[in-house]
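Q: 3D model of this:
(one chain, ligands or ions: 2)
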Amino acid sequence: MSLCHLLVISGGRSPEHEVALQSALNVVAAVDRKAFDLAVVGIDKDGAWRQLPSDDFVRHRDDPTRIALAPGGRPVTLCCREGRGWMVPLDGSPAWPVDVAFPVLHGAYGEDGTIQGFLALMGVPCVGCDTASSANSMDKAITKRLLQAAGIPVAPGVVVTRGASWPTAEALGREFGWPLFVKPARLGSSVGVVKVKTPAELAPALTEAFRYDDKVLVEQCLRGREIECAVLGNDAPRASLPGEVVPRHEFYSYAAKYLDDQGAALYAPADLPAETTQRVQAMAVAAFQAMGCSGLARVDFFLMPDGSLAVNELNTIPGFTRISMYPRLWQCSGLTYTELVGELVRLAMESHRQRASLCTSFT
Ligand SMILES: Nc1ncnc2c1ncn2[C@@H]1O[C@H](COP(=O)(O)OP(=O)(O)O)[C@@H](O)[C@H]1O
Ligand SMILES: [Mg+2]
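A: Ligands and ions are numbered 1, 2, ... in the order given. Next up, the predicted model:
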């Protein structure tokens, strides 16, 4: 039996380039080489695609501050021929048929639907969410609306766009109290997220958030535990045991995530009553379906002292680093890293087959 040709794509043009490399190292290490013929493409920060050796695509792998794509390799692109996708070296060497691609890319140009759209155009099955559900989940304002429409609780808040006049601190304070959270709508890693404690801090926080996006959310501060749940599947998604993040900073900021080794404690699984676990799992699946997700997503919650839940956000390509929640939660739910990668590929093929079987002409 011929091996399945799996293309792992990592790096990318977002501030999360380095985190993506750490994730990709772990995904590649978990790939079952008896089932897959593997190729790795690194996307440079300027957008260039290079095929690199699958077992040597990263430099300084153990130093998160210096980790980088290996130099050299072969410039490549993708094309669609005979109804399927190919990786095509630009030096004229033979093309490689791609059976499935796993974009291990976080943030912009990775989780926002762009790479998913490109792979769909090229006829390549893609691990994870499709273009629309990726783009919608990346946008916290759209996420809030879709979840609310499905009856799923979210943090109360308003959307401010660059062109519109800003709401006054008095009006926001009256509606939501203090502190408030201000955050760019379509970013990740807590970049541009500010906890606003007093009216005087509001305008600088909005200015900071508008450096990163034209759309900004102002939210009520939810004083709850931060619970995360991994979802896996297409039409019948299942939820893992929930985990918990306990930030040791003011909130789960960029520094707490990446700069401070002791910035947060991660518990997988979280210490929760069985009844709460079940509610988290049911709501995680409901949120996944409300967003139209497929393949995988990590659904992040606030669990309030009274036991109520609110969904904070969905991450459609969650971290896959050694300590990341998504694979850890599946491990403690009985799925090894290698089984998880195999299942993600199977789900990608299944979605692709379903889409391909749809009628494409009306005659
Ligand atoms: N409404 C809120 N109430 C309390 N904490 C919040 C709120 N929104 C964000 N935070 C804090 O900021 C962190 C980052 O915000 P989040 O919306 O998850 O953005 P990102 O996509 O950058 O992770 C959260 O993990 C949490 O610690
Ligand atoms: Mg988050």
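Q: Specify the beta-bridge partners of the nearest residue to Val193 once chain neighbours are set aside.
A: Nearest in space to Val193, with sequence neighbours left out and distances taken as CB to CB, 6 or more residues apart in numbering, is Lys183 at 4.3 Å. The C-beta positions use only the backbone N, C-alpha and C, and glycine is treated the same way. Assessed by DSSP bridges, Lys183 has beta-bridge partners Leu217.
Q: Now do the contacts for Lys183.
A: Contact partners of Lys183, counting by CB atoms under 8 Å, 6 or more residues apart in numbering, are Lys140, Gly192, Val193, Val194, Ala209, Val216, Leu217, Glu219.
Q: just the residues you listed that are near ligand 1?
A: Here is what survives when the contacts of Lys183 are matched to ligand 1 using CB under 6 Å from any ligand atom: Val193, Glu219.
Q: which pair in the contacts of Lys183 spans the largest distance?
A: Pairwise distances across those peak at 14.3 Å for Lys140 and Val194 (criterion: CB to CB).
Q: who's more crowded, the two?
A: Lys140 (25 against 22; other CB atoms under 10 Å).
Q: for the residue nearest to Thr198 when sequence neighbours are not counted, what are its contacts?
A: The spatial neighbour of Thr198 that comes closest, neighbours along the chain excluded (CB to CB, 6+ apart), is Trp178 at 6.8 Å. By CB under 8 Å, 6+ apart, the contact set of Trp178 is Val196, Lys197, Thr198, Pro199, Cys221.
Q: how near is Trp178 to Leu202?
A: Relative to Leu202, Trp178 is positioned 10 Å away (criterion: CB to CB, to the nearest Å).
Q: Touching both of those two, which residues are there?
A: Any residue near both Trp178 and Leu202 by CB under 8 Å, 6+ apart counts here, and that gives Val196.
Q: Tell me the residues of the stretch 201-350 of the chain that contact ligand 1?
A: Neighbours of ligand 1 within the stretch 201-350 of the chain, by CB under 6 Å from any ligand atom: Glu219, Gln220, Cys221, Leu222, Glu226, Pro247, Phe251, Tyr252, Asp300, Asn312, Glu313.
Q: Return the distance of the helix or strand hosting the last one from the chain's centre.
A: I take that to be Glu313. Following DSSP states H and E, the helix or strand that holds Glu313 is strand 309-315. A distance of 13 Å separates the centroid of the chain from that of strand 309-315, by CA atoms, centre = their mean, to the nearest Å.
Q: Spell out, range by range, the strands that occur in the stretch 1-150 of the chain.
A: Shown for the stretch 1-150 of the chain, the strands assigned by DSSP state E, counting those that start in this stretch span residues 4-11, 36-43, 49-52, 58-59, 68-69, 74-81, 84-89, 96-97, 100-104.
Q: Run a quick neighbour tally on Thr161.
A: Every residue meeting other CB under 10 Å relative to Thr161 is counted, giving 14.
Q: Apart from its chain neighbours, what residue comes closest to it?
A: Lys215 (5.5 Å).
Q: isn't Ser23 right next to Gly107, touching?
A: No. Counting by CB atoms under 8 Å, Gly107 is not a contact partner of Ser23; they are 11.7 Å apart.
Q: On the three-state scheme, Val159 is what?
A: Val159 falls in the strand class when you classify it by DSSP: H, G, I helix; E, B strand; the rest coil.
Q: Pull the distance from the helix or strand encompassing Ile227 to the chain's centre.
A: Assignment of secondary structure by DSSP H and E places Ile227 within strand 225-233. For strand 225-233, the distance from its own C-alpha centre to the chain's C-alpha centre is 12 Å (CA atoms, centre = their mean).
Q: Taking strand 309-315 as reference, get the angle to that strand.
A: Angle between the axes of strand 225-233 and strand 309-315 is 60 degrees (criterion: axes from the mean of the first three to the mean of the last three CA atoms, to 10 degrees).
Q: Which is the succeeding secondary structure element to strand 225-233?
A: By DSSP H and E, the next helix or strand past strand 225-233 is strand 238-239.
Q: Excluding covalently adjacent residues, which one is nearest to the spatially most central residue of the chain?
A: In the chain, the residue lying closest to the centroid (CA atoms, centre = their mean) is Ile317, at 2.8 Å. For Ile317, the nearest residue in space outside its immediate sequence neighbours is Glu111; the separation is 4.8 Å by CB to CB, 6+ apart.
Q: Same check on Leu38?
A: Ser54 (4.8 Å).
Q: can you check Gln262 too?
A: The shortest distance from Gln262 to any residue that is not its chain neighbour, by CB to CB, 6+ apart, is 6.2 Å, and that residue is Arg248.
Q: which residues of the stretch 1-150 of the chain fall in helices?
A: With DSSP state H, counting those that start in this stretch as the criterion, the stretch 1-150 of the chain has helices at 17-30, 114-121, 131-138, 140-149.
Q: same for the helix or strand hosting Ala297, what does it pack against?
A: The secondary structure element spanning Ala297 is strand 295-303 (assigned by DSSP H and E). Contact partners of strand 295-303 among helices and strands, from 3 or more CB pairs under 8 Å, 6 or more residues apart in numbering; DSSP states H and E: strand 225-233, helix 274-290, strand 309-315, helix 325-332, helix 337-356.
Q: Which one, of these, ends up nearest to Val19?
A: For Val19, the closest of the helices and strands packed on strand 295-303 is strand 309-315, at 11.8 Å, according to CB to CB.
Q: Could I get the buried residue list for the strand holding Glu313?
A: Leu309, Ala310, Val311, Asn312, Glu313, Leu314, Asn315 (16 or more other CB atoms under 10 Å).
Q: Show the contacting residues for the residue nearest to Thr161.
A: Lys215 makes contacts with Asp139, Ala141, Val159, Val160, Thr161, Arg162, Pro184, Ala185, Arg186, as judged by CB under 8 Å, 6+ apart.
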